[in-house]
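In: Structure for this input, please:
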Amino acid sequence: MNALAEAVVERGGKVRHLIGQPPLVLRQVHSPRHDVAGLCLVGGAAGPLAGDDLRLSVEVERGAHVHLGATGATIAQGRAFAEPGRLHTHVRVAESGSMIATPPPLVACGGSNTEIVLEIALEADAAIDWSELLVLGRSGESAGGVLLRWHVSVGGRPLLRQSIDLRDQAMLAWPGMIRRQRVVATRLFVGDPPGESPLVARTVVRSPYAVAQQLNHRAVLLTVLASDAVTASFEMGELARVIRPGCSQS
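Out: Now for the predicted structure:
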């Protein structure tokens, strides 16, 4: 299955362009601030399945602000040795724009094979708060395979190039990879979206499973490993409040 979801957000909370195809059903929702556009990803079908090619594109124009949320979780299913399912997200935030995004958690069911690519292009003064939550297998089953790539640039220059290959079961058992945890949470802060407390860009080691890494003077990458999603979300919230005191979103 091929599916595309697109949104273009203008200044003043206006959504100029919005399309979605199952399973990427994208909807405009109420926002408590009139100058912030609210978007929500709603699961319209199972996926990504083996062979699926799903693409999400969000363009935030100059001076525009958007909150992207989701309902439910994305369930990746498949068959051993089948063609991987692919989920490619592209985000562009123009000058003075911002985005806060909490896309749906991805649950990689046993036997699945999923490739996730996240591309974020920010102008020099743009801001973003992007969260990802990956669950390797449902309760009581083996982990599905996931290849996760992040490509983030600011002002046309690379900020973050990260690749996490979680497809090899032997590597998953190696303590140097994810220390036998089944949940990987990641959050990227760049700059200060309107209404958010100022970012304190520094490196923090909260525990062997929760680390914030300073990327530059206005960017921090947070990574948390945990045995379950509830613990991962709690630890991420605690770590985020160290980096952004008063941060309310976990």
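In: Might one say that residue 92 is in contact with residue 64?
Out: No - with contact taken as CB atoms under 8 Å, residue 92 and residue 64 are classed as non-touching, separated by 11.0 Å. For the C-beta atoms, the positions are set from N, CA and C on the backbone; glycine is no exception.
In: Residue ranges in the protein under the pLDDT threshold?
Out: For the chain, residues meeting the criterion pLDDT under 70 lie at 44-47, 79-82, 169-179, 248-250.
In: For this protein, which segments are assigned as helices?
Out: For the chain, the helices defined by DSSP state H cover 169-172, 229-243.
In: For the last one, list every residue counted as buried.
Out: Yep, that's helix 229-243 we're talking about. Judged by neighbour count (16 or more other CB atoms under 10 Å), helix 229-243 contains these buried residues: 229, 231-233, 235-237, 239-240, 242-243.
In: want to throw those into a markdown table with distance to residue 52?
Out: Converted to a markdown table, the buried residues of helix 229-243 look like this (distance: CB to CB, whole Å):
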| residue | distance to residue 52 |
| --- | --- |
| 229 | 23 |
| 231 | 30 |
| 232 | 26 |
| 233 | 27 |
| 235 | 31 |
| 236 | 28 |
| 237 | 32 |
| 239 | 33 |
| 240 | 32 |
| 242 | 38 |
| 243 | 35 |
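In: any idea which of the residues you listed is closest to residue 100?
Out: Distances from the buried residues of helix 229-243 to residue 100 were compared by CB to CB; the smallest belongs to residue 240, at 12.0 Å.
In: surely residue 95 meets residue 126?
Out: Yes - Residue 95 lies in contact with residue 126 (CB under 8 Å); the separation is 6.7 Å.
In: neighbour-wise, which of those two wins?
Out: Applying other CB atoms under 10 Å to residue 95 and residue 126 shows that residue 126 carries more neighbours, namely 23 against 13.
In: Without its sequence neighbours, what residue ends up closest to the more buried one?
Out: For residue 126, ignoring the flanking residues on the chain, the nearest one in space by CB to CB, 6 or more residues apart in numbering is residue 93 at 4.0 Å.
In: hang on, the one you found packs against residue 121?
Out: Yes - A contact is recorded between residue 93 and residue 121 when judged using CB under 8 Å, the distance being 7.4 Å.
In: residues touching residue 207, list them.
Out: For residue 207, the contacting residues are residue 235, taking CB atoms under 8 Å, 6 or more residues apart in numbering as the criterion.
In: ok, so what distance separates it from residue 132?
Out: Between residue 207 and residue 132 the distance is 19 Å, computed by CB to CB, to the nearest Å.
In: which one of residue 93 and residue 121 has more residues nearby?
Out: When residue 93 and residue 121 are compared on other CB under 10 Å, the one with more neighbours turns out to be residue 93, at 29 against 18.
In: Dig out what that one forms beta bridges with.
Out: Using DSSP bridges, the bridge partners assigned to residue 93 are residue 60, residue 122.
In: Can you tell me how far it is from residue 130?
Out: In this structure, residue 93 lies at 10 Å from residue 130, with CB to CB as the measure.
In: Quick check: neighbours shared by these two?
Out: Shared contacts of residue 93 and residue 130 (CB under 8 Å, 6+ apart): 99, 120.
In: Show me which positions of stretch 196-205 end up buried.
Out: Residues of stretch 196-205 classed as buried: 196, 199, 201 (neighbour count, 16+ other CB under 10 Å).
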